[in-house]
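Engineer: What shape does this take:
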Amino acid sequence: MQKQVVLKLKPSEVNDSNLINDLLVKSLGVKSTELTGYYITKQSIDARSRQQIWYNITLNVFVNEPFMQRAVNTLNFQSVQHATKKVIVVGAGPAGLFAALKLIANGIKPIIIERGKDVRARRRDLAAINKLGTVNEESNYCFGEGGAGTYSDGKLYTRSTKRGDVNSILNLFVQFGADEQILYQSHPHIGTNKLPQIITAMREQIIVAGGEVHFNHKVTNFIINNAELSGIEINNTDKWHADAYILATGHSARDIFELLHTNNILIEAKPFALGVRVEHPQSLIDELQYHMPERGSFLPPAAYSVVEQVNGKGVFSFCMCPGGIIAPAATAQNEIVVNGWSPSKRNNPYSNSGMVVTVDEKDAFAIVKQQKKYSSVLPSNPLLLMYFQQLVEQQCYAEGGGKNVAPAQRMVDFTNNKLSNTLPDCSYVPGLKSASLQQVLPAFVNDALKGGFKAFGKKLYDKHSSKSYYTNEAVLVATESRTSSPVRIPRNTTNFQHPQIKNLYPCGEGAGYAGGIISAAIDGENIAATIANNINKII
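Structural biologist: Numbers count the residues shown, from 1 in each chain. You can find the predicted model right below:
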């Protein structure tokens, strides 16, 4: 028989198989010889008590029957080489890749069109951003195979459990090379160092099954006849046609938003969030979260998640990276965008997190209308929030002085309106320039962040050492602005098609329907399954 057993273990006990066996024998009331094996189904850390940190572990235990390793649900992909139905998928991020895999599972041939390069070639462009300050506008941290998620470390935690089967997505990641730990960890994470191989394996499977993947292919126009998308133009020359079109271009494809707007295809402004990357020494975050001077070898680098309401604005942490690195994530020259990532071991000496403030159309209009460039922009313009985002990023670049050098300020100095005389060491490779972030960020963002940092200092505080999150050991690096898309591409709730344009299926983060790798992958699968239904394929 098989039994589910929950154990509460000290960190030093988690990998002690003899102790775990003894505890299971005692819990189940069986002899040790009757216990044939076990595997973990759930694992989380409880650090709420200042006296003792615990691991809560759920195990599937085999008693008096042969032990079987965890079953990883894998898919067998049929050949679609000669399929009669074809779907063009624009974008090779998680939404596009998982949509393509789902299409293959339903006997439909996917043709992926990606403006950027494959994951291996992308690395040279990322190196140029970091070392030379040169941005390739088609291949960078946001554009290219795997999308933005490939180089923002593969956090797989999501609250989108009602949108689809999260476990099936995790199982697919394992099928393509991810560690099985992601199947049971409460906050699974792959790591930027491991994601490229997994993404490559997905692409190779798509091609082996008869799908197509085309890099350096940028959509430059939509071909619309009688309110139906009948084709797309690639690189201003070629015309490509299919039975349906999935638009999964990610949250930073501003040219696609402008192209849709130019073609009078309905889009909408969508609130997003904007702020800074805040970096602390990882040892400080460990001490605040674990309430001990040193983390030791039995615990992972600590993370945090905080939220506060300040002046009617939500201030919250975003994309927290323990043992991580701050990276330059701009998609155009003369703009500064920062993001964060961690390797699989999360073993860098710093932790960083986006700390952002919600932005709506009213906030943006007051700032955008002052710019002559956007003098005709009205509150109803669907690109209003995108223009606002762009203005802040350009101001940040000007303040930094070029080559992706980012303006920065110590945390307490920032709240006291004081220019930092020195800046701490930081993981951001292009470098920092001491600046007043009051000159970079809009006033409502500055004010909300100041209140937020002080509030978080009270929430993340260790009374024994009197250390706090609110400290000048922390540095704020501007600007964190690509938290989500500032534009939504509407779609019907039943068949997922655009309400005006037949055969156009907006998908993923860029369309405003996802907020991370898992939710984007789920959305891609849902769109592909719906297309299969719409063209009479069996799911």
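Engineer: Secondary structure class of residue 67, three-state.
Structural biologist: Under the three-state scheme (DSSP: H, G, I helix; E, B strand; the rest coil), residue 67 adopts coil.
Engineer: what pLDDT does it get?
Structural biologist: pLDDT for residue 67: 95.
Engineer: May I ask you to name the longest strand in this structure?
Structural biologist: In the chain, taking DSSP state E as the definition, the longest strand is strand 35-46.
Engineer: Run through the stretch 251-400 of the chain and note the low-pLDDT ranges.
Structural biologist: 372-379 (pLDDT under 70).
Engineer: residue boundaries of the helices in it?
Structural biologist: Remark: helices assigned in the stretch 251-400 of the chain by DSSP state H, counting those that start in this stretch are 254-262, 282-290, 361-368, 384-400.
Engineer: what's the closest of the ones you listed to residue 151?
Structural biologist: helix 384-400 (18.3 Å; Cβ to Cβ). Just so you know, the C-beta spots here come from the backbone N, C-alpha and C atoms, and that holds for glycine as well.
Engineer: partners of the following helix or strand past that closest one, with directions?
Structural biologist: Using DSSP states H and E, the helix or strand that directly follows helix 384-400 along the chain is strand 406-410. Note on strand 406-410: by DSSP bridges, its sheet partners are strand 432-434 (parallel), strand 475-480 (antiparallel).
Engineer: what's near enough to touch residue 8?
Structural biologist: Going by Cβ atoms under 8 Å, 6 or more residues apart in numbering, residue 8 touches 54, 55, 56, 57.
Engineer: CA-only coordinates of stretch 88-98 in CSV, if you can.
Structural biologist: Presented in CSV, the C-alpha positions along stretch 88-98 are these (Å, rounded to 0.1, in the frame of the first residue of the first chain):
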residue,chain,number,x,y,z
ILE,A,88,1.7,30.7,-37.0
VAL,A,89,2.9,31.5,-33.5
VAL,A,90,4.5,34.9,-33.2
GLY,A,91,7.0,34.8,-30.4
ALA,A,92,9.1,32.0,-28.9
GLY,A,93,8.6,32.8,-25.2
PRO,A,94,6.9,30.4,-22.8
ALA,A,95,3.4,31.3,-24.2
GLY,A,96,4.6,30.6,-27.8
LEU,A,97,6.6,27.5,-27.0
PHE,A,98,3.9,25.8,-24.9
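Engineer: Doesn't residue 213 belong to a strand?
Structural biologist: Yes: membership of residue 213 in a strand is supported by three-state DSSP.
Engineer: where does it land on pLDDT?
Structural biologist: For residue 213, pLDDT reads 98.
Engineer: For the nearest residue to it once chain neighbours are set aside, give me its contacts.
Structural biologist: Nearest non-adjacent residue to residue 213, counting by Cβ to Cβ, 6 or more residues apart in numbering: residue 112, 4.6 Å away. Residue 112 sits next to 89, 91, 92, 96, 97, 100, 206, 211, 212, 213, 214 when contact means Cβ under 8 Å, 6+ apart.
Engineer: PyMOL command for the buried members of those residues?
Structural biologist: With 16 or more other Cβ atoms under 10 Å as the criterion, this PyMOL line picks the buried residues out of these:
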select buried, resi 89+91+92+96+97+100+206+211+213
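Engineer: now the contacts of residue 112 in CSV, with distance to residue 170?
Structural biologist: Formatted as CSV, the contacts of residue 112 follow (distance: Cβ to Cβ, whole Å):
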residue, distance to residue 170
89, 22
91, 22
92, 20
96, 19
97, 15
100, 18
206, 19
211, 22
212, 27
213, 23
214, 28
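Engineer: Looking at the contacts of residue 112, which is nearest residue 521?
Structural biologist: residue 97 (7.6 Å).
Engineer: Quick check: residue 258 touching residue 387?
Structural biologist: No: applying Cβ atoms under 8 Å as the test, residue 258 and residue 387 come out as separate, 10.4 Å apart.
Engineer: quick one: which of those two has more around it?
Structural biologist: A count of neighbours by other Cβ atoms under 10 Å puts residue 387 above the other of residue 258 and residue 387, at 21 against 14.
Engineer: Would you mind stating the distance between that one and residue 364?
Structural biologist: The gap separating residue 387 from residue 364 is 7 Å, by Cβ to Cβ, to the nearest Å.
Engineer: again with residue 337
Structural biologist: Distance, residue 337 to residue 364, by Cβ to Cβ: 17 Å.
Engineer: Could you do residue 34 as well?
Structural biologist: 66 Å.
Engineer: more neighbours, these two?
Structural biologist: For residue 34 and residue 364, the more surrounded residue by other Cβ under 10 Å is residue 364, and the numbers stand at 27 against 14.
Engineer: residues contacting the more buried one?
Structural biologist: 269, 384, 385, 387, 388.
Engineer: Please verify my assumption that the last one contacts residue 367.
Structural biologist: Read that as residue 388. Yes: between residue 388 and residue 367 a contact is recorded at 6.0 Å, counting by Cβ under 8 Å.
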